[in-house]
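Student: dropping the sequence and predicted coords here.
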Amino acid sequence: MMKGIFVYPRYTATRKDNAFGWLQEEARLCGISLEICFEEDCCMEYGPDGPSISFAGKPMDDVAFVVMRTYNDRISMYYEAKKNVWVINDSLSMRISKDKLLTHQVISACGLPTPRTVYAPYASYEEVVRELGSGKFLVKKIDGAKGEDIYLVDDAESFDAAASALRPDCIFQEFIAESSGRDIRVWVLGGKCIGAVLRYSETSFLSNYSQGGKFTAIELDSAAEELAIKAVEAVGLGFAGVDLLFSGDSYTVCEVNGNAGFRTISKSSDVSIPRLLFEYISAGLRG
């Protein structure tokens, strides 16, 4: 039986809605033996007999694949160096996706639409207004997630409070009013869209499920599908979640997440992201 591991941060084990059991059952149905490992339990050793790795004292060198559900370059690069282990997603693409500024750099370099973004961590409110062309905009923590550490500001006082909390690791970004409180989360696997939900909030400009937003499964039009796939390819991810904002009669890329959750699609449709992921892995490893 093929063997693989998912690597998580330990705090996820305390969540009642963690997907560990679901993942292991879906893996079993695809002929895969899956171990759940925590990065805090990792022990890597480099000695005369070569490198070795274990989690909580259990050797984990004899695996065919590793799915990183945390941003840990050290663990990723250990397995990437083994050559015969498939790492999803690799350290470089995860590094880019974790950093909102790097994400926008590569997306913009590929000519894909994305909100106007400014990196000038110590700029004044007036300077940012001049760059963005509007007094109302977002202040975001560069490595923030789940809709946390995002502020909507519209004057110098709210700007100073937000920027002071996040500096120097922050960006300033155009606020697209027509997409306020709504966006589309698209899951992309192996260059194909495998599911999407409309996320929305009636009380906040943020639509994230973790921030109290609601959701419903949707069918994508060709423009949204093509844009999501190109955004993931630009960042270099094999498995990702893309957040698209509504912009005129089209879309713009808000974020590309290399560690995207998949609860919303499973709660609103019969799509099983874990099943599709393991089928993809199994097919890829068997050639």
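Tutor: Sure, I can see it.

Student: just for the stretch 151-287 of the chain, where's the confidence low?
Tutor: Along the stretch 151-287 of the chain, segments meeting pLDDT under 70 span 207-212.

Student: what about the strands in it?
Tutor: 170-174, 182-189, 192-200, 214-217, 239-247, 250-257 (DSSP state E, counting those that start in this stretch).

Student: give the buried residues for the last one.
Tutor: So that's strand 250-257. Within strand 250-257, the residues scored as buried using 16 or more other CB atoms under 10 Å are 251-257. C-beta: built from backbone N, CA, C; applies to glycine.

Student: ok, now the third one?
Tutor: Counting neighbours by 16+ other CB under 10 Å, one finds that the buried residues in strand 192-200 are 193-199.

Student: now render those as CSV, adding distance to S52.
Tutor: Formatted as CSV, the buried residues of strand 192-200 follow (distance: CB to CB, whole Å):
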residue, distance to S52
C193, 39
I194, 35
G195, 38
A196, 41
V197, 41
L198, 46
R199, 43
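
Student: which one of these is nearest to T117?
Tutor: Minimum distance to T117 across those is 20.9 Å, recorded for R199 (CB to CB).

Student: measure that closest one to A13 for me?
Tutor: 26 Å (CB to CB, to the nearest Å).

Student: ramachandran angles for the residue in the chain sticking out farthest from the centre?
Tutor: Farthest-out residue of the chain from its mean C-alpha position, per CA atoms, centre = their mean: P48, at 37.7 Å. Phi and psi for P48, reported as degrees, to the nearest 10, are phi -60, psi -20.

Student: with S134 instead?
Tutor: phi -160, psi 150.

Student: quick one: pLDDT of it?
Tutor: Predicted confidence (pLDDT) for S134: 97.

Student: circling back to that earlier point, with distance to N84 added, can I get the buried residues of strand 250-257 in CSV?
Tutor: What follows is the buried residues of strand 250-257, written out as CSV (distance: CB to CB, whole Å):
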residue, distance to N84
Y251, 39
T252, 40
V253, 34
C254, 36
E255, 32
V256, 28
N257, 28
